[in-house]
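J.: Just to be clear, the model below is a prediction. Sequence and coordinates:
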Amino acid sequence: MVRIGMLGSGFVADFYMDGLRDVPGTEVVANYSRSEERANEFGRRHGVARQYTTMEDLCADREVEMVVIGLPNHLHLPAVRAAAAERKAIVCTKPLARNGHEAADMVNLARDAGVMHAYAETEVFSPDVMRARQMIESGAIGDVLTVRAREAHSGPHAQHFWDAETAGGGALLDMGCHTVEAARYFFGKEHRIKDVFAWGATMVHNDRTTGEDNAVLLLRLEDGRTSLTEASWTAKGGMELRNEIYGTMGRIVTDTSSTRLRAFIQQPAGYLMEKADAEVGWVFPIPDEARVYGYHEEMRHFVDCFVKGEQPREDFIDGYIVNSVLDAAYKSMKSGHWEAVHIDTKVADG
């Protein structure tokens with residue numbers, strides 16, 4: 001039995017609990033929130049035995065073997081520091097950190113502690129995206145030439161996302177982290193990202209954030225191939241999670257948030273999907289949403305790696321590289337030029 005401590009009691013922590021539901025041999029034995037009331041409510045709802053109001057106390061719990069971090073971006077580094085100090089295996093939500101410097105610190109903390117570190121980038125564990133990668137590996141579309149991705153919704157659900165200084169960025173950090181890692185997954189991680197060109201602006205939510213609510217990112221590999229990202233916090237009508245992969249012999253399109261279930265309703269039916277903008281009229285619920293988004297597969301993989309003493313296929317080094325790419329993108333937003341992606345080989349290669 002792998003015993004897990006959950007750091008967080010919000011939206012993403014609920015998704016992680018759902019993701020762990022069908023992973024055999026696991027039990028969440030403790031959860032944390034700064035608010036005692038929220039910690040207790042989360043524990044009651046999910047049947048968790050113990051609640052803590054400091055990260056350090058949860059990480060010191062002798063029964064906890066693996067810590068899952070589902071906290072706001074500015075708390076990821078302190079959470080990793082607390083978990084590493086107690087030699088706990090660590091799973092951290094996306095983005096790994098607010099910037100490459102923080103991410104590098106997190107890599108080094110986990111590496112120095114000698115613990116498993118997993119980067120919970122759900123996009124590359126979505127069954128749709130994993131199947132697309134399998135098709136690429138089979139040679140079905142020949143050599144991958146370009147990737148185009150769009151991640152969009154009408155805006156974050158939690159207030160901390162809107163504080164760009166505390167969060168580390170706006171829509172590009174929040175959603176571009178998905179698409180950058182998906183591009184690496186489709187092209188193959190052995191192909192290094194050379195440089196990026198980016199644009200971002202606050203087009204709608206000027207009253208809520210100083211961060212960009214729309215952004216475009218063009219990244220270029222060393223061999224010249226490119227990936228294009230559109231990220232938006234102003235798109236009405238629910239989540240958009242799409243990838244288009246173009247090869248020399250075909251193309252693949254994933255549309256993770258699309259669903260075969262649709263309904264016209266005149267009374268609300270409860271929760272429908274993440275970032276749904278309507279409760280009545282035509283609605284498009286997503287059955288088993290956590291599985292569709294990749295939470296089940298990533299949690300199964302991370303637990304399996306922990307049991308076997310292996311490092312996951314997505315770890316903090318991947319998160320560090322993504323943060324470094326996005327650092328260059330924010331620099332490009334200001335300069336209006338292509339900006340090189342700088343990767344510290346001591347961090348990336350150990």
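T.: It's in. Numbering: from 1, shown residues only.
J.: Per the annotation, how does the chain divide into domains?
T.: 2-122+296-314, 124-288+324-340 (automatic domain parsing).
J.: Centre of the chain to the shortest one, how far?
T.: Relative to its chain's centre, domain 2-122+296-314 lies at 13 Å (Cα atoms, centre = their mean, to the nearest Å).
J.: rewinding a little: so can I have a markdown table of the domains of the chain showing mean pLDDT?
T.: Converted to a markdown table, the domains of the chain look like this (pLDDT from 0 to 100):
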| stretch | mean pLDDT |
| --- | --- |
| domain 2-122+296-314 | 97 |
| domain 124-288+324-340 | 95 |
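J.: any idea which of those domains is most buried?
T.: Stretch with highest mean neighbour count among the domains of the chain: domain 2-122+296-314 (a mean of 20; mean count of other Cβ atoms under 10 Å). The way it works is simple: take the backbone N, C-alpha and C, and place the C-beta from them, glycine included.
J.: which helices and strands does the helix or strand hosting Ser332 pack with?
T.: For Ser332, the host element (DSSP states H and E) is helix 316-335. Here helix 316-335 touches strand 89-93, helix 100-113, strand 117-120, helix 171-187, strand 193-201, strand 214-221, strand 339-340, helix 345-348, going by 3 or more Cβ pairs under 8 Å, 6 or more residues apart in numbering; DSSP states H and E.
J.: tell me the secondary structure for Gln311?
T.: coil (DSSP: H, G, I helix; E, B strand; the rest coil).
J.: surely it meets Met116?
T.: Yes. With contact defined as Cβ atoms under 8 Å, Gln311 reaches Met116; the gap is 6.4 Å.
J.: Overlap in contacts, those two.
T.: Shared contacts of Gln311 and Met116, defined by Cβ atoms under 8 Å, 6 or more residues apart in numbering, comprise Cys305.
J.: Quick one, which of the domains of the chain gets closest to Gly350.
T.: The minimum distance between Gly350 and the domains of the chain falls on domain 2-122+296-314, with 6.6 Å, by Cβ to Cβ.
J.: Leaving out sequence neighbours, find the closest residue to Tyr295.
T.: Spatial nearest neighbour of Tyr295, excluding adjacent residues (Cβ to Cβ, 6 or more residues apart in numbering): Gly19 at 3.1 Å.
J.: In which helix or strand does that neighbour reside?
T.: helix 11-20.
J.: List the contacts of that helix.
T.: Outside helix 11-20, the residues that reach it (Cβ under 8 Å, 6+ apart) are 4, 6-8, 26, 28, 31, 42, 46, 68, 70, 93, 120, 157-158, 289-291, 293, 295-296, 298-299, 303.
J.: Alpha carbons of it, in PDB - could you do that?
T.: Extracted in PDB, the C-alpha atoms of helix 11-20 (Å, rounded to 0.1, in the frame of the first residue of the first chain):
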ATOM      1  CA  PHE A  11     -10.000  22.200  -7.500                       C
ATOM      2  CA  VAL A  12      -6.900  20.400  -8.700                       C
ATOM      3  CA  ALA A  13      -6.600  18.400  -5.400                       C
ATOM      4  CA  ASP A  14     -10.100  17.100  -6.100                       C
ATOM      5  CA  PHE A  15      -9.000  16.000  -9.600                       C
ATOM      6  CA  TYR A  16      -6.000  14.200  -8.100                       C
ATOM      7  CA  MET A  17      -8.200  12.400  -5.600                       C
ATOM      8  CA  ASP A  18     -10.400  11.400  -8.600                       C
ATOM      9  CA  GLY A  19      -7.300  10.300 -10.500                       C
ATOM     10  CA  LEU A  20      -6.200   8.100  -7.600                       C
END
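J.: how much does it deviate in direction from strand 89-93?
T.: Computed by axes from the mean of the first three to the mean of the last three Cα atoms, to 10 degrees, the angle separating helix 11-20 from strand 89-93 equals 120 degrees.
J.: Show me what the very next helix or strand once past helix 11-20 is packed up against.
T.: Note on helix 11-20: by DSSP H and E, the next helix or strand toward the C-terminus is strand 26-32. Here strand 26-32 touches strand 2-7, helix 11-20, helix 36-46, strand 50-52, helix 55-60, going by 3+ Cβ pairs under 8 Å, 6+ apart.
J.: residues touching Val2, list them.
T.: Gly25, Thr26, Glu27, Glu65, Met66, Val303, Phe306, Val307.
J.: 6 Å - rerun?
T.: Applying Cβ atoms under 6 Å, 6 or more residues apart in numbering to Val2 gives the contacts Gly25, Thr26, Glu65, Val303.
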